[in-house]
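Enquirer: give me a model of this one.
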Amino acid sequence: MCSEVRNIEKPIIGYAGIVSTRFIDIEALIYIAKKRLDWNFVLVGPKDISILNSELQDLKNIYFIETADLSEISEIINSFDICLEPLNKPEVSKEFYFQKVKEYLSLGKPLVAFKNELLNTFKDHIYLADGNDDCIDLINKAIKEDSFENKISRIDFANHNTVGNLTVKINSNISSSFT
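Expert: Have a look, this model is predicted:
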């Protein structure tokens, strides 16, 4: 286990990516962290001034790893019990978003994300929350349901789906929702 997370108590709910209010729903993360003080949240990636000035900095169950070497990212993600994708603007970069989800799934990690049309393609492999309280419930559910079989299923799904063919599936899902 990576030294930065070795001494953090489980369960660890983690996110890897740019830590900025431009991408992350900080208010949702603050709400969830305050409701579940028995969970620890690890945010891996560079953080910007919006985070430095946020309440997130003051919460005792939030940990930041800013200087992780790219070669350590997978090891850090593997230490997470649950991955959380609290993005507030998935439309910023569809391909980036798909790649993040695929990265978590390829490691077999349970993933909880906020519901949006882009993620419907993944609905059988991730947990999609309708709001903050639902997110808390789904993290609990993901912890309870995690198993070797589910891990293998997530890895298999990630290995058989490229960003390109996921984009085609998602565009098809979105188009069919308008007919």
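Enquirer: show me where the chain has helices.
Expert: Secondary structure of the chain (DSSP state H): helices located at 26-35, 49-52, 73-79, 94-106, 132-145, 148-159, 163-177.
Enquirer: end to end, how far does stretch 36-56 reach?
Expert: One end of stretch 36-56 sits 14 Å from the other (Cα to Cα, to the nearest Å).
Enquirer: to clarify, my last question referred to stretch 112-119.
Expert: End-to-end span of stretch 112-119 (Cα to Cα): 11 Å.
Enquirer: cool, stretch 44-61 as well?
Expert: Start-to-end span of stretch 44-61 (Cα to Cα) is 14 Å.
Enquirer: hmm, who's touching it?
Expert: Counting by Cβ atoms under 8 Å, 6 or more residues apart in numbering, stretch 44-61 makes contact with 14-22, 26, 29-30, 33-34, 36-41, 62, 64-66, 68, 73, 76-77, all of which sit outside it. Any C-beta I mention is one placed from the backbone N, CA and C, and that applies to glycine too.
Enquirer: and that stretch, what's buried?
Expert: Residues of stretch 44-61 classed as buried by neighbour count (16 or more other Cβ atoms under 10 Å): 44, 45, 47, 51, 54, 56, 61.
Enquirer: now do stretch 69-84
Expert: 73, 75, 76, 77, 79, 80, 81, 82, 83, 84.
Enquirer: which pair in these spans the largest distance?
Expert: Using Cβ to Cβ, the buried residues of stretch 69-84 span at most 18.0 Å, a distance reached by 75 and 84.
Enquirer: separation between residue 28 and residue 134?
Expert: Separation of residue 28 from residue 134 (Cβ to Cβ, to the nearest Å): 11 Å.
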